[in-house]
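> Fold the following.
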Amino acid sequence: MPSFAVEVPHPLDQQAAMSKLTGLMGALQTKYKDVASDIQGAWTDNILNFSLKVMGFTVSGKVTVQDKLAKVEGQLPLAAAMFRGRIEESIKSELQKELAS
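Next up is the predicted model:
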């Protein structure tokens with residue numbers, strides 16, 4: 001399976017960033033209801049494990065939240081590999097908006 005990775009610098013400490021990301025899964029479900037489904041996420045310490053279906057493809061991964069940095073790593077189905085750049089840009093954009101001070 002192809003992988004993807006995105007790093008997003010932010011101005012927050014770890015706890016503040018985690019607080020901002022807590023409601024992200026619900027917000028994404030509302031915002032992308034026409035193209036995404038089965039959006040799920042669960043926290044373990046400072047790591048948000050997530051999965052969702054986008055246009056029939058399952059995307060899964062984790063967001064590791066640190067002071068001043070969030071890292072997203074995940075797996076894509078082979079059929080979605082050609083959309084990797086677009087997926088990474090979308091993730092980066094959403095995280096930048098969510099983690100802005």
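
> looking at it, residue 73 is touching residue 61, isn't it?
Yes. Using C-beta atoms under 8 Å, residue 73 is in contact with residue 61, at 5.4 Å. Every C-beta, even on glycine, is put in place using the N, C-alpha and C of the backbone.

> Mind checking which of the two has more residues around it?
residue 61 (19 against 13; other C-beta atoms under 10 Å).

> Identify the contacts common to residue 73 and residue 61.
Taking C-beta atoms under 8 Å, 6 or more residues apart in numbering as the criterion, residue 73 and residue 61 both touch residue 4.

> And the helices in the chain?
Applying DSSP state H to the chain gives helices spanning 14-22, 24-31, 84-99.

> Quick one: the ones you listed as a markdown table, columns for distance to residue 66 and mean neighbour count too.
Formatted as a markdown table, the helices of the chain follow (distance: least, C-beta to C-beta, whole Å; neighbours: other C-beta atoms under 10 Å):
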| stretch | distance to residue 66 | mean neighbour count |
| --- | --- | --- |
| helix 14-22 | 6 | 16 |
| helix 24-31 | 17 | 14 |
| helix 84-99 | 12 | 15 |
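
> got the contact list for the lowest-mean-pLDDT helix or strand in the chain?
Every helix and strand of the chain was ranked by mean pLDDT, DSSP states H and E. The lowest is helix 24-31, at a mean of 79. With C-beta under 8 Å, 6+ apart as the test, helix 24-31 has contacts from 36, 39, 40, 41, 50, 52, 94, 98.

> List buried residues within those residues.
Buried members of those, counted by 16 or more other C-beta atoms under 10 Å: 39, 41, 50, 52, 94, 98.

> does the last one really touch residue 22, like I thought?
Spelled out, that is residue 98. No. At 10.1 Å, residue 98 does not count as touching residue 22 under the criterion of C-beta under 8 Å.

> Backbone dihedrals for residue 12, please?
Main-chain dihedrals, residue 12, degrees, to the nearest 10: phi -100, psi 160.

> Can you give me the neighbour number for it?
Using other C-beta under 10 Å, residue 12 is surrounded by 19 other residues.

> okay but it is in contact with residue 20, surely?
Yes. Counting by C-beta under 8 Å, residue 20 is a contact partner of residue 12 at 7.0 Å.
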